[in-house]
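Trainee: make a model of this:
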Amino acid sequence: MAEEKKYTLYEYLLYFWKRKWLFVIIPLATAVLIAAAVYILKADSRGYIAEGTVFTGNVNQKELTDPDVIEAKYQDVKGLAINVPERDKVKFTVKAKSKTEAEQVLDQVTKQYFADLAKNAQLRIDITSKQLSWLKRRVDVLDSNLALYNEKLTDQNLDITREKDYMELIGKSEDELTRASERAHKMGGDIDLFSYPQILPAEVHKAKSYIPESLAIGIILGLILTVALLTLMKYLSDARKFYKEKGSFLD
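Mentor: Okay, here's the model as predicted:
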């Protein structure tokens, strides 16, 4: 008798089709379980996130721009994270359960930080202004001295030694006047072009929940698990049937 031809794939597909309801129940159950686990484990994924950026301008003092130092200062603020995305910007991120709480905490932190920046900026302007004022007075003095020395050189009774002394004084005064004028010009430009700190517009949004991703992963894993489970069930069913027909059973 010719051996009966078997269509294994067809048999498995038919077996799966008769139990197609498992392809709905198991993936859904797996998706719900994984989503619930992520929801419980990722407690920080619930609530709101407020993000605000402060432009530091020309303030470059390490105590005010280094993220580690800033974090140490605001370490008591719950849910606060700080990073420096660019050289002259500091970004504050606040996580809170409610939108109002996130906004309030962010507003308080950014305003306090901005006040420190503004104080440092004004201090730099004041110091530079004082130095500029002193340089301008020094320039005036040097101009007066040069006028006096040049006037002395016009004296017909001036001896050679005194003339050389005045010439030397004029040379030194002109060099110093040039350096003082250049410094004064640079300081004036620094004051005029100084970039003051600013609080940039903030935004508040819901924290990423990861629920859609968890559901998708759960469904995919559930489908794989269903195929594996039905394949095992079919294999065991065929094996049981085979040994039953042979009159032999495995205990």
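Trainee: excluding chain neighbours, what is closest to residue 99?
Mentor: Leaving aside its sequence neighbours, residue 99 sits nearest to residue 48 (Cβ to Cβ, 6 or more residues apart in numbering; 4.6 Å). Every C-beta, even on glycine, is put in place using the N, C-alpha and C of the backbone.
Trainee: list the contacts of stretch 106-120.
Mentor: 50-52, 54, 56-57, 59, 61, 64, 70, 74, 77, 80, 90, 92, 94, 196-199, 202, 204 (Cβ atoms under 8 Å, 6 or more residues apart in numbering).
Trainee: ok so, going back, count the residues that sit near the residue nearest to residue 99.
Mentor: For residue 48, the neighbour count with other Cβ atoms under 10 Å is 19.
Trainee: quick one: mean pLDDT over the helix or strand where residue 176 lies.
Mentor: In the assignment (DSSP states H and E), residue 176 maps to helix 160-192. What helix 160-192 shows for mean pLDDT is 89.
Trainee: let's number from 47 now, not from 1
Mentor: In the new numbering, first residue 47, that becomes helix 206-238.
Trainee: can you give me how far that helix is from the chain middle?
Mentor: 48 Å (Cα atoms, centre = their mean, to the nearest Å).
Trainee: repeat for stretch 166-182
Mentor: Offset of stretch 166-182 from its chain centre (Cα atoms, centre = their mean): 33 Å.
Trainee: now swap in stretch 118-127 and tell me
Mentor: The chain centroid and the centroid of stretch 118-127 are separated by 15 Å under Cα atoms, centre = their mean.
Trainee: and the helix or strand harbouring residue 284, what's buried?
Mentor: Following DSSP H and E, one finds residue 284 within helix 257-291. If you call a residue buried by 16 or more other Cβ atoms under 10 Å, then helix 257-291 has these buried ones: 257, 260-261, 263-265, 267-268, 272, 276, 280.
Trainee: which one of the residues you listed is nearest residue 56?
Mentor: Of all the buried residues of helix 257-291, residue 56 sits closest to residue 280, with 12.0 Å by Cβ to Cβ.
Trainee: could I get the buried residues of helix 257-291 as CSV with pLDDT and distance to residue 236?
Mentor: Rendered in CSV, the data for the buried residues of helix 257-291 read as follows (pLDDT from 0 to 100; distance: Cβ to Cβ, whole Å):
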residue, pLDDT, distance to residue 236
257, 75, 53
260, 84, 55
261, 86, 58
263, 91, 56
264, 89, 60
265, 92, 62
267, 93, 62
268, 90, 66
272, 92, 71
276, 89, 77
280, 87, 82
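Trainee: quick one: residue 281 and residue 222, what's the gap?
Mentor: From residue 281 across to residue 222, the span is 99 Å (Cβ to Cβ, to the nearest Å).
Trainee: next: residue 165.
Mentor: For residue 165 relative to residue 222 (Cβ to Cβ), the value is 35 Å.
Trainee: one more: residue 276?
Mentor: Taken as Cβ to Cβ, the span from residue 276 to residue 222 is 95 Å.
Trainee: which parts of stretch 189-204 are buried?
Mentor: Buried residues in stretch 189-204, defined by neighbour count with 16+ other Cβ under 10 Å: 191, 195.
Trainee: whoops, I mixed them up, stretch 98-118
Mentor: By 16+ other Cβ under 10 Å, the buried positions in stretch 98-118 come out as 98-103, 105, 110-111, 116.
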